[in-house]
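1. need a 3D model of the sequence below.
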Amino acid sequence: MLKSIMMSLWLMGLLAGSAYYFGSQPEATGNTGKSESVLAAEYVKLDPITVAVVRSSEVRGYVILEVAIAIDKKARGEAEVPLEYLMRDLVLGHVYTDPNLDFYRLEQYDIGSLGKRLTVDINDKLGKELVKDVLVQDINFVSKEDVRDMLMRRS
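-> Predicted structure coming up:
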(Lines give C-alpha, C1' and ligand atoms only; values in the text may rest on other atoms or scores of the structure.)
Protein backbone atom coordinates (compact mmCIF):
# COMPACT_ATOMS: atom_id res chain seq x y z
CA MET A 1 0.00 0.00 0.00
CA LEU A 2 2.76 2.41 0.98
CA LYS A 3 4.66 1.52 -2.15
CA SER A 4 1.75 2.47 -4.44
CA ILE A 5 1.23 5.78 -2.58
CA MET A 6 4.90 6.67 -2.92
CA MET A 7 4.84 5.76 -6.63
CA SER A 8 1.76 7.93 -7.28
CA LEU A 9 3.35 10.89 -5.41
CA TRP A 10 6.53 10.46 -7.46
CA LEU A 11 4.52 10.39 -10.73
CA MET A 12 2.53 13.50 -9.75
CA GLY A 13 5.75 15.35 -8.94
CA LEU A 14 7.27 14.27 -12.23
CA LEU A 15 4.18 15.43 -14.11
CA ALA A 16 4.07 18.79 -12.32
CA GLY A 17 7.78 19.38 -12.91
CA SER A 18 7.61 18.56 -16.61
CA ALA A 19 4.51 20.73 -17.07
CA TYR A 20 6.27 23.65 -15.39
CA TYR A 21 9.47 23.15 -17.41
CA PHE A 22 7.79 22.91 -20.82
CA GLY A 23 5.30 25.65 -19.98
CA SER A 24 8.06 28.12 -19.15
CA GLN A 25 9.99 27.56 -22.39
CA PRO A 26 10.02 30.53 -24.80
CA GLU A 27 7.96 30.17 -27.96
CA ALA A 28 9.74 29.39 -31.21
CA THR A 29 9.97 32.50 -33.35
CA GLY A 30 11.48 30.91 -36.43
CA ASN A 31 9.70 30.64 -39.76
CA THR A 32 7.54 27.53 -39.70
CA GLY A 33 7.10 27.51 -43.46
CA LYS A 34 3.44 28.58 -43.38
CA SER A 35 2.49 31.68 -45.24
CA GLU A 36 0.67 34.48 -43.46
CA SER A 37 -2.39 34.03 -45.67
CA VAL A 38 -2.89 30.49 -44.38
CA LEU A 39 -2.36 31.60 -40.79
CA ALA A 40 -4.93 34.38 -41.20
CA ALA A 41 -7.55 31.92 -42.45
CA GLU A 42 -10.39 30.37 -40.53
CA TYR A 43 -11.42 26.86 -41.55
CA VAL A 44 -15.12 26.07 -41.78
CA LYS A 45 -16.06 22.41 -42.17
CA LEU A 46 -19.32 21.88 -43.96
CA ASP A 47 -21.75 19.07 -43.29
CA PRO A 48 -21.31 16.12 -45.66
CA ILE A 49 -22.81 16.82 -49.07
CA THR A 50 -24.72 13.96 -50.69
CA VAL A 51 -25.25 14.01 -54.45
CA ALA A 52 -27.49 11.50 -56.22
CA VAL A 53 -25.96 9.98 -59.33
CA VAL A 54 -28.64 9.65 -62.01
CA ARG A 55 -27.94 7.79 -65.26
CA SER A 56 -30.60 6.79 -67.80
CA SER A 57 -33.39 8.18 -65.59
CA GLU A 58 -32.37 5.89 -62.73
CA VAL A 59 -30.54 6.53 -59.46
CA ARG A 60 -27.28 4.56 -59.58
CA GLY A 61 -25.89 5.63 -56.23
CA TYR A 62 -24.74 8.58 -54.16
CA VAL A 63 -21.54 10.59 -53.95
CA ILE A 64 -20.69 11.80 -50.46
CA LEU A 65 -18.31 14.77 -50.21
CA GLU A 66 -16.75 16.28 -47.11
CA VAL A 67 -15.46 19.78 -47.75
CA ALA A 68 -13.79 22.49 -45.64
CA ILE A 69 -13.17 26.06 -46.74
CA ALA A 70 -10.44 28.42 -45.58
CA ILE A 71 -11.92 31.90 -45.23
CA ASP A 72 -10.07 35.12 -44.51
CA LYS A 73 -10.83 35.86 -40.83
CA LYS A 74 -11.15 39.59 -41.34
CA ALA A 75 -13.40 39.35 -44.39
CA ARG A 76 -15.78 36.60 -43.25
CA GLY A 77 -18.53 39.04 -42.29
CA GLU A 78 -18.33 40.82 -45.65
CA ALA A 79 -20.05 38.05 -47.62
CA GLU A 80 -23.65 38.88 -48.52
CA VAL A 81 -24.55 35.23 -49.13
CA PRO A 82 -23.88 32.55 -46.49
CA LEU A 83 -20.76 30.79 -47.76
CA GLU A 84 -22.10 27.36 -46.79
CA TYR A 85 -25.04 27.73 -49.21
CA LEU A 86 -22.84 29.02 -51.99
CA MET A 87 -20.37 26.20 -51.42
CA ARG A 88 -23.07 23.54 -51.62
CA ASP A 89 -24.41 25.05 -54.84
CA LEU A 90 -20.99 25.07 -56.50
CA VAL A 91 -20.08 21.56 -55.33
CA LEU A 92 -23.32 20.17 -56.75
CA GLY A 93 -22.71 22.00 -60.01
CA HIS A 94 -19.17 20.66 -60.34
CA VAL A 95 -20.16 17.09 -59.51
CA TYR A 96 -22.88 17.08 -62.15
CA THR A 97 -20.95 18.89 -64.90
CA ASP A 98 -17.37 17.64 -64.53
CA PRO A 99 -16.63 15.28 -67.45
CA ASN A 100 -13.51 13.87 -65.72
CA LEU A 101 -15.43 12.67 -62.67
CA ASP A 102 -16.11 8.94 -63.01
CA PHE A 103 -17.95 7.78 -59.91
CA TYR A 104 -16.85 4.20 -60.33
CA ARG A 105 -13.14 5.18 -60.49
CA LEU A 106 -12.79 7.92 -57.88
CA GLU A 107 -9.20 6.94 -57.07
CA GLN A 108 -8.16 8.31 -60.49
CA TYR A 109 -9.86 11.69 -59.99
CA ASP A 110 -7.71 14.74 -59.15
CA ILE A 111 -9.29 16.08 -55.97
CA GLY A 112 -6.82 18.96 -55.73
CA SER A 113 -8.01 20.43 -59.02
CA LEU A 114 -11.62 20.30 -57.75
CA GLY A 115 -10.62 22.33 -54.70
CA LYS A 116 -8.79 24.91 -56.82
CA ARG A 117 -11.70 25.28 -59.24
CA LEU A 118 -14.14 25.69 -56.36
CA THR A 119 -11.92 28.38 -54.79
CA VAL A 120 -11.80 30.37 -58.04
CA ASP A 121 -15.54 29.96 -58.66
CA ILE A 122 -16.56 31.07 -55.15
CA ASN A 123 -14.36 34.15 -55.31
CA ASP A 124 -15.70 34.96 -58.78
CA LYS A 125 -19.30 34.68 -57.59
CA LEU A 126 -18.61 36.83 -54.54
CA GLY A 127 -16.54 39.34 -56.48
CA LYS A 128 -13.96 39.37 -53.67
CA GLU A 129 -10.99 37.29 -52.56
CA LEU A 130 -12.67 35.88 -49.42
CA VAL A 131 -11.93 32.17 -49.78
CA LYS A 132 -8.26 31.24 -49.52
CA ASP A 133 -8.59 27.53 -50.19
CA VAL A 134 -11.12 24.71 -50.51
CA LEU A 135 -10.09 21.40 -49.01
CA VAL A 136 -11.87 18.28 -50.23
CA GLN A 137 -11.43 16.01 -47.25
CA ASP A 138 -13.26 12.96 -48.54
CA ILE A 139 -15.16 11.82 -51.60
CA ASN A 140 -16.94 8.46 -51.68
CA PHE A 141 -19.39 6.69 -53.94
CA VAL A 142 -22.06 4.44 -52.44
CA SER A 143 -24.04 2.38 -54.93
CA LYS A 144 -27.79 1.91 -54.68
CA GLU A 145 -27.26 -1.78 -53.93
CA ASP A 146 -24.98 -0.96 -50.99
CA VAL A 147 -27.61 1.36 -49.54
CA ARG A 148 -30.26 -1.33 -49.96
CA ASP A 149 -28.01 -3.90 -48.24
CA MET A 150 -27.42 -1.56 -45.31
CA LEU A 151 -31.15 -0.98 -44.93
CA MET A 152 -31.87 -4.71 -45.07
CA ARG A 153 -29.34 -5.42 -42.30
CA ARG A 154 -31.01 -2.91 -40.00
CA SER A 155 -34.45 -4.49 -40.27
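2. which phi and psi values does the residue nearest to Arg60 when sequence neighbours are not counted adopt?
-> Nearest in space to Arg60, with sequence neighbours left out and distances taken as CB to CB, 6 or more residues apart in numbering, is Val53 at 4.8 Å. For the C-beta atoms, the positions are set from N, CA and C on the backbone; glycine is no exception. Backbone dihedrals for Val53, given as degrees, to the nearest 10, come out at phi -100, psi 120.
3. burial of Val53, as a residue count?
-> Val53 sits with 19 neighbouring residues when counted by other CB atoms under 10 Å.
4. same question, Ile139
-> That count, for Ile139 with other CB under 10 Å as the rule, works out to 20.
5. i'd like the first residue to be 849 from this point on
-> Got it, the first residue is 849 from now on, which makes the last one we talked about Ile987.
6. tell me the contacts of it?
-> When contacts are counted by CB atoms under 8 Å, 6 or more residues apart in numbering, Ile987 touches Val911, Ile912, Leu913, Glu914, Leu954, Tyr957, Ile959.
7. which phi and psi does it have?
-> As for Ile987, its main-chain torsions (degrees, to the nearest 10) stand at phi -140, psi 120.
8. still on that earlier bit, wait, the residue nearest to Arg908 touches Ile912, no?
-> No. Using CB atoms under 8 Å as the test, Val901 is too far from Ile912 to be in contact (10.9 Å).
9. give me the common contacts of the two.
-> Once CB under 8 Å, 6+ apart is applied, the residues that Val901 and Ile912 both contact turn out to be Phe989.
10. where does this protein have low pLDDT?
-> Across the chain, the stretches falling below the confidence threshold (pLDDT under 70) are 875-887, 923-927, 1003.
11. mind naming the longest strand for it?
-> When the chain is parsed with DSSP state E, its longest strand is strand 906-920.
12. pull the distance from that strand to the chain's centre.
-> Relative to the chain's own centre, strand 906-920 is displaced by 10 Å; criterion: CA atoms, centre = their mean, to the nearest Å.
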